[in-house]
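**Student:** okay, sequence plus prediction incoming.
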Amino acid sequence: MKRVECIIKPFKLDDVKTALTDLGITGMTVSEVRGFGRQKGHTELYRGAEYQVDFIPKVKIDLVVAADQVGAVVAAVQKEACTGRIGDGKIFVSDIGQAVRIRTGEVGIDSL
């Protein structure tokens, strides 16, 4: 099992969710997060006053999938979240040691 953590632009969430659902992914956790990378924020104008926005709003999607699905999941997220501009986000993949479905006690891939 692998954990796929995706940080994307908020307006791309529906496109990514649809692509993942089409792959058969049945569950995900979505969080609103804020941060910055190479872009280091940006400046905005409000009522004539310019101010610095250091942390850019993003959406984080957490998925745990079977190891053989990782390539398809990463490709789908990359395709749907890409705008070609700076700040499109990141995808992180890591190993999961164990997963347990609390209600039934199922473990491993059966718990997903």
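**Tutor:** Sure, I can see it.
**Student:** so residue 57 sits right up against residue 34, yeah?
**Tutor:** Yes: here residue 57 lies in contact with residue 34, judged by C-beta atoms under 8 Å, at a distance of 5.4 Å. The way it works is simple: take the backbone N, C-alpha and C, and place the C-beta from them, glycine included.
**Student:** find me the pLDDT at residue 48, would you?
**Tutor:** pLDDT, residue 48: 84.
**Student:** which helix or strand contains residue 57?
**Tutor:** Assigned by DSSP states H and E, residue 57 belongs to strand 56-65.
**Student:** strand partners of that strand, parallel vs antiparallel please.
**Tutor:** strand 2-8 (antiparallel), strand 29-35 (antiparallel) (DSSP bridges).
**Student:** next helix or strand past it?
**Tutor:** Using DSSP H and E, the helix or strand that follows strand 56-65 towards the C-terminus is helix 70-81.
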